[in-house]
Each structure stands twice: as structure tokens, then as C-alpha cells.
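[1] with the sequence up front, the predicted model follows.
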Amino acid sequence: MILSEIRPGLHRWTAGHPEWRAGAKPESPGDWPEAVGCVAQAGPDALTLIDPLVPADREAAFWGEIDALVGDRVAVITTIGFHRRSRDRFVERYGASTSRAKASLPDGVETIPLRGFGETMVWLPEPRALVPGDRLQGDGRGGLRLCPQSWLGYLRGPPTIGELRQALRPLLDREIELVLVSHGDPVLRGGRAELARALEAPA
């Protein structure tokens, strides 16, 4: 199995990033694990795919597993421009929608724009799952970290890590259980507490 069902109807998988290169300087814009995480939620009115990437080495089996989840509607949500990756392939295969407009979202899916940071996170209220793009990452120890300052360098300003901390603090108002990051290992319990630790960690 390629998809891992981490809660009823909520699936995650990993795939090798096509632009990953070994030997990137630590904390540089090219420094991320080769395998990136993707999320699918089979909801009451749609299959929602968040930052989906087709695993090139297991493509036939992967499509078979996704096909089995598809109902009347498929929606693809992209958290950040760099994560469009395989989006067009899902649109072509399933006629998927790609809008992040509130009125267009499937039931049980919300978006959280981080204005000034080039990212829109996804909130899945039923499993209490937060799906970030690049601004939150796995820390390699089972918790979370903020992205490196270098990852903000292309944005206008650019904003600082301190400003990112402030932008993320309102997330603590949510009862987050899971944080399904793209880069690094997901947090599968106590997500709010792990987020709080990340926000208080020294830069």
C-alpha cells in the first residue's frame, strides 16, 4: 500500500520530489528531505487532495489506490506555489477543481491564508488536522519547526522568522491534533502542543 490511512478517510503518502538534489547546504532553500508528504481526505461530498505528488516509481499502483477513493468530485488544493507539482495530472485524470475560494471548498475543508508569507494552510476540522505547506516542517525529532529564514527570501520584504511566529500564533486557538507536514515526519498526536513548542523555540 502506498497510501497510509491515519484516521478514517484521512490518508497520507510520500513521494520523491523531482527537484531534490543531494548535498544542499543546511538551512538553504534547497535543503529538504527527498520524500515529501501529501494528503487525501475522502469527505462526504468530495475527495480532497492537498499538495499531491505522483510517486514516479510506483505510479500504476498509486493511481489504483487513488481511483478507489474517488467519488463524484475531486478537489485539489495547493498550499504554496512550489507545490503545484503533479496538480495538472490530477485535474486531467479526474476533472478536479483547484479553487481555494471558500465557496468552492468541499465540506469539512477550510483554508487559512498566511498573508505576506505566500502560503495557504489547510484545516480539516473533523480529524483536527492542520496541513501546512513550507512554513511548518518536521524537526527530525517527532516535533515541528519553522522553516529556515532563507526559505522566506523570495518574498517581498522579506518577512522575518519573528514575523512568521506572530502570523502562526492564531493557529493555537484551534484544537490541533495532527500536523501533516510536507517536509519531514508528520505529528500524529498533540499537534497544538508541538506547534506551541515550535513557536517558542529559539531561532
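    Received the coordinates, thanks.

[2] what about the helices in the chain?
    Assigned by DSSP state H, the helices in the chain fall at 59-67, 87-94, 161-168, 191-200.

[3] as TSV, these with distance to residue 123 would be great.
    For glycine as for every other residue, the C-beta is placed from the backbone atoms N, C-alpha and C. Shown next, in TSV, are the helices of the chain (distance: least, CB to CB, whole Å):
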stretch	distance to residue 123
helix 59-67	22
helix 87-94	20
helix 161-168	13
helix 191-200	11
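
[4] what about residue 112, how many neighbours?
    If you count neighbours by other CB atoms under 10 Å, residue 112 ends up with 17.

[5] grab the nearest non-local neighbour of it.
    residue 121 (4.4 Å; CB to CB, 6 or more residues apart in numbering).

[6] and residue 40, by the same measure?
    residue 11 (4.4 Å).

[7] check contacts around the one you found.
    3-5, 39-42, 69 (CB atoms under 8 Å, 6 or more residues apart in numbering).

[8] change it to 7 Å
    3-5, 40 (CB atoms under 7 Å, 6 or more residues apart in numbering).

[9] and it, how close does it get to residue 142?
    Going from residue 11 to residue 142 by CB to CB, to the nearest Å gives 21 Å.

[10] buried subset of the contacts of residue 11?
    3, 40 (16 or more other CB atoms under 10 Å).

[11] out of the helices of the chain, flag the one nearest residue 27.
    Of all these, helix 161-168 sits nearest to residue 27, with 11.3 Å by CB to CB.

[12] what's that closest one in contact with?
    Against helix 161-168 from outside (CB under 7 Å, 6+ apart): 114, 117, 135, 146, 149, 152, 199, 203.

[13] could the residues you listed be laid out in JSON lines, adding neighbour count and distance to residue 65?
    Formatted as JSON lines, the contacts of helix 161-168 follow (neighbours: other CB atoms under 10 Å; distance: CB to CB, whole Å):
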{"residue": "114", "neighbour count": "20", "distance to residue 65": "31"}
{"residue": "117", "neighbour count": "23", "distance to residue 65": "33"}
{"residue": "135", "neighbour count": "20", "distance to residue 65": "29"}
{"residue": "146", "neighbour count": "22", "distance to residue 65": "32"}
{"residue": "149", "neighbour count": "15", "distance to residue 65": "38"}
{"residue": "152", "neighbour count": "22", "distance to residue 65": "35"}
{"residue": "199", "neighbour count": "17", "distance to residue 65": "35"}
{"residue": "203", "neighbour count": "10", "distance to residue 65": "40"}
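
[14] so which of the residues you listed are in strands?
    If you go by DSSP state E, the contacts of helix 161-168 have 114, 146 in strands.

[15] quick check, nearest of the contacts of helix 161-168 to residue 172?
    Once CB to CB is applied, the member of those that ends up nearest residue 172 is residue 199, at 7.6 Å.

[16] ignoring the adjacent residues along the chain, who's closest to the closest one?
    The nearest residue in space to residue 199 (CB to CB, 6+ apart) is residue 165, at 5.3 Å.
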